[in-house]
Every structure is written in C-alpha cells, then in structure tokens.
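>>> here is my input; please provide its structure:
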Amino acid sequence: MSKKFTQFIAGAICPSCSEKDSIAIHKDNDEIYCVKCSYKEYRPGSKKDPIKSVKSRAVNVVDITNFNGIKE
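Model prediction:
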C-alpha cells in the first residue's frame with residue numbers, strides 16, 4: 001500500500017476561497033489545488049499548463065543607454 005504525499009505551499013492564499021495555507025501540489029502531474037475548496041490549476045511551465053513554457057512568457061529587455069541610432 002502506498003501513501004499519497006502532499007506538499008503544501010507555505011503562506012499561499014487560495015485565489016478562489018482566500019484561505020491561507022490550503023494550497024498543495026500533487027507531485028505526479030504538477031497540479032496545484034486547494035484542500036478547502038474545488039480550486040485547481042497546473043504549475044506554470046508544466047506539460048499540462050496552457051502556456052507551454054516559462055520561456056514563452058519571458059519579457060525581452062533592451063538596454064538603450066548606449067543607443068546611437070538617434071540623430072540630433
């Protein structure tokens with residue numbers, strides 16, 4: 001007989017019911033869920049996340065301090 005391991009996220013607040021310390025992660029499928037209500041989502045960057053990877057959500061930053069393209 002195997003035991004189900006539940007990992008809670010300390011200090012996390014459920015976006016649905018606003019309960020603190022009730023959010024847990026299911027390790028097998030990266031599902032994040034609330035133990036107090038029916039809220040569920042997938043961890044960002046997981047295979048089941050609608051946005052395929054964290055890289056696709058990255059913001060490109062450009063350094064413009066040395067930009068010489070402006071003519072005075």
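>>> need the contact list for the closest residue in space to Pro15 that isn't next to it in sequence.
Distances taken as C-beta to C-beta, 6 or more residues apart in numbering place Tyr39 nearest to Pro15, at 6.7 Å, with adjacent residues excluded. From N, CA and C alone the C-beta is placed, and that goes for glycine too. Each residue near Tyr39 by C-beta atoms under 8 Å, 6 or more residues apart in numbering is listed here: Cys14, Pro15, Ser16, Cys17, Tyr33.
>>> distance of Ala10 from Ser38?
22 Å (C-beta to C-beta, to the nearest Å).
>>> thinking again about what came up before, of all the contacts of Tyr39, which comes closest to Pro44?
Proximity of these to Pro44 (C-beta to C-beta) peaks at Pro15, which lies at 13.7 Å.
>>> what about the strands in the chain?
Counting by DSSP state E, one finds strands in the chain at the ranges 7-8, 23-26, 31-34, 40-42.
>>> got TSV for those, with mean neighbour count too?
Listed next are the strands of the chain as TSV, based on neighbours: other C-beta atoms under 10 Å:
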stretch	mean neighbour count
strand 7-8	10
strand 23-26	18
strand 31-34	18
strand 40-42	15
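>>> tell me, how many neighbours does Asp21 end up with?
Look at Asp21: counted by other C-beta atoms under 10 Å, it has 14 neighbours.
>>> that concludes my questions; thank you for your assistance.
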